[in-house]
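>>> what follows is a protein structure lacking sequence information:
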(Lines give C-alpha, C1' and ligand atoms only; values in the text may rest on other atoms or scores of the structure.)
Protein backbone atom coordinates (compact mmCIF):
# COMPACT_ATOMS: atom_id res chain seq x y z
CA UNK A 1 0.00 0.00 0.00
CA UNK A 2 1.46 3.30 -1.10
CA UNK A 3 0.94 6.33 1.11
CA UNK A 4 1.09 9.99 0.23
CA UNK A 5 0.56 11.81 -3.00
CA UNK A 6 2.00 10.53 -6.23
CA UNK A 7 3.01 13.06 -8.84
CA UNK A 8 2.74 12.57 -12.56
CA UNK A 9 5.97 14.08 -13.84
CA UNK A 10 4.40 14.65 -17.27
CA UNK A 11 1.89 17.09 -15.77
CA UNK A 12 4.26 19.08 -13.57
CA UNK A 13 5.03 22.56 -14.88
CA UNK A 14 6.85 25.52 -13.45
CA UNK A 15 7.20 29.22 -14.14
CA UNK A 16 9.77 31.79 -13.14
CA UNK A 17 8.67 35.36 -12.56
CA UNK A 18 10.81 38.41 -13.08
CA UNK A 19 12.94 39.82 -15.86
CA UNK A 20 15.69 37.26 -15.66
CA UNK A 21 16.11 34.22 -17.88
CA UNK A 22 14.89 31.03 -16.28
CA UNK A 23 16.51 27.83 -17.41
CA UNK A 24 15.30 24.27 -16.94
CA UNK A 25 14.82 22.75 -13.49
CA UNK A 26 15.71 19.20 -12.51
CA UNK A 27 12.92 17.26 -10.83
CA UNK A 28 13.34 13.58 -9.96
CA UNK A 29 16.09 13.13 -12.53
CA UNK A 30 13.96 14.75 -15.23
CA UNK A 31 14.47 18.22 -16.64
CA UNK A 32 11.49 20.57 -16.88
CA UNK A 33 11.69 23.72 -18.95
CA UNK A 34 10.27 27.02 -17.75
CA UNK A 35 6.83 27.97 -19.08
CA UNK A 36 5.66 31.42 -20.13
CA UNK A 37 2.16 30.73 -18.76
CA UNK A 38 0.86 28.35 -16.15
CA UNK A 39 -2.66 27.57 -14.95
CA UNK A 40 -3.37 27.19 -11.24
CA UNK A 41 -6.98 26.65 -10.14
CA UNK A 42 -8.22 27.95 -13.52
CA UNK A 43 -6.29 31.21 -13.08
CA UNK A 44 -3.61 31.89 -15.67
CA UNK A 45 -0.31 33.29 -14.48
CA UNK A 46 2.32 34.36 -16.91
CA UNK A 47 5.09 36.68 -17.77
CA UNK A 48 3.19 37.54 -20.93
CA UNK A 49 -0.36 36.91 -22.03
CA UNK A 50 -3.37 36.91 -19.75
CA UNK A 51 -3.56 39.25 -16.81
CA UNK A 52 -5.21 38.79 -13.43
CA UNK A 53 -7.82 41.33 -14.51
CA UNK A 54 -8.82 39.09 -17.44
CA UNK A 55 -9.16 36.10 -15.12
CA UNK A 56 -11.35 38.08 -12.73
CA UNK A 57 -13.52 39.35 -15.59
CA UNK A 58 -13.95 35.74 -16.78
CA UNK A 59 -15.17 34.54 -13.35
CA UNK A 60 -17.37 37.61 -12.86
CA UNK A 61 -18.95 36.88 -16.23
CA UNK A 62 -19.66 33.30 -15.19
CA UNK A 63 -21.13 34.56 -11.92
CA UNK A 64 -23.32 37.01 -13.80
CA UNK A 65 -24.76 34.12 -15.79
CA UNK A 66 -25.53 32.24 -12.60
CA UNK A 67 -27.16 35.36 -11.15
CA UNK A 68 -29.44 35.63 -14.21
CA UNK A 69 -30.46 31.98 -13.76
CA UNK A 70 -31.27 32.56 -10.09
CA UNK A 71 -33.45 35.55 -11.02
CA UNK A 72 -35.22 33.48 -13.67
CA UNK A 73 -35.87 30.63 -11.23
CA UNK A 74 -37.19 32.94 -8.53
CA UNK A 75 -39.49 34.75 -10.96
CA UNK A 76 -40.81 31.57 -12.54
CA UNK A 77 -41.36 29.61 -9.35
CA UNK A 78 -42.04 32.55 -7.05
CA UNK A 79 -45.37 33.22 -8.71
CA UNK A 80 -46.59 29.78 -7.67
CA UNK A 81 -45.26 30.04 -4.12
CA UNK A 82 -42.41 27.64 -4.86
CA UNK A 83 -39.37 29.73 -3.99
CA UNK A 84 -38.99 32.42 -1.38
CA UNK A 85 -36.35 34.87 -0.22
CA UNK A 86 -34.63 32.29 1.99
CA UNK A 87 -34.25 29.86 -0.90
CA UNK A 88 -32.88 32.62 -3.14
CA UNK A 89 -30.30 33.52 -0.50
CA UNK A 90 -29.26 29.87 -0.24
CA UNK A 91 -28.89 29.66 -4.04
CA UNK A 92 -26.75 32.80 -4.05
CA UNK A 93 -24.53 31.49 -1.25
CA UNK A 94 -24.07 28.05 -2.77
CA UNK A 95 -23.63 28.99 -6.43
CA UNK A 96 -22.97 32.64 -7.12
CA UNK A 97 -20.52 33.30 -4.28
CA UNK A 98 -18.66 30.07 -4.97
CA UNK A 99 -18.08 31.08 -8.59
CA UNK A 100 -17.27 34.76 -8.11
CA UNK A 101 -15.01 34.33 -5.10
CA UNK A 102 -13.21 31.34 -6.63
CA UNK A 103 -9.46 31.87 -6.50
CA UNK A 104 -9.78 35.17 -4.65
CA UNK A 105 -6.70 34.35 -2.59
CA UNK A 106 -4.59 34.99 -5.70
CA UNK A 107 -5.84 38.57 -6.04
CA UNK A 108 -3.31 40.84 -4.40
CA UNK A 109 -4.35 44.08 -6.07
CA UNK A 110 -6.81 45.97 -3.84
CA UNK A 111 -8.41 47.70 -6.82
CA UNK A 112 -9.18 44.35 -8.50
CA UNK A 113 -10.50 42.89 -5.24
CA UNK A 114 -12.71 45.97 -4.89
CA UNK A 115 -14.08 45.43 -8.39
CA UNK A 116 -15.15 41.93 -7.36
CA UNK A 117 -17.03 43.29 -4.35
CA UNK A 118 -18.73 45.97 -6.47
CA UNK A 119 -19.92 43.29 -8.91
CA UNK A 120 -21.19 41.14 -6.03
CA UNK A 121 -23.09 44.09 -4.52
CA UNK A 122 -24.73 44.87 -7.89
CA UNK A 123 -25.68 41.22 -8.34
CA UNK A 124 -27.18 41.01 -4.86
CA UNK A 125 -29.31 44.09 -5.53
CA UNK A 126 -30.58 42.64 -8.81
CA UNK A 127 -31.21 39.15 -7.39
CA UNK A 128 -32.99 40.09 -4.16
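Here it is on my side, so go on. Owing to the predicted nature of the structure, the values given are computational and were not obtained by experimental measurement.

>>> ok, for residue 115, nearest residue in space, not its chain neighbours?
residue 56 (6.9 Å; Cβ to Cβ, 6 or more residues apart in numbering). Any C-beta I mention is one placed from the backbone N, CA and C, and that applies to glycine too.

>>> residue 74: how many residues sit nearby?
When neighbours are defined as other Cβ atoms under 10 Å, residue 74 has 19 of them.

>>> distance of it from residue 88?
Residue 74 sits 5 Å away from residue 88, going by Cβ to Cβ, to the nearest Å.

>>> cool, residue 21 as well?
Residue 21 is 53 Å from residue 88, where distance means Cβ to Cβ.

>>> if you count what's nearby, which of those two comes out ahead?
residue 88 (17 against 7).

>>> which pLDDT value goes with that one?
pLDDT recorded at residue 88 is 83.

>>> which strands and helices sit next to the helix or strand where it lies?
Assigning secondary structure by DSSP states H and E places residue 88 in helix 85-91. Secondary-structure packing of helix 85-91 (3 or more Cβ pairs under 8 Å, 6 or more residues apart in numbering; DSSP states H and E): helix 52-78.

>>> what about the helix it packs on, distance to the chain center?
13 Å (Cα atoms, centre = their mean, to the nearest Å).

>>> now it: buried residues?
52, 55-56, 59-60, 63-64, 66-67, 70-71, 74 (16 or more other Cβ atoms under 10 Å).
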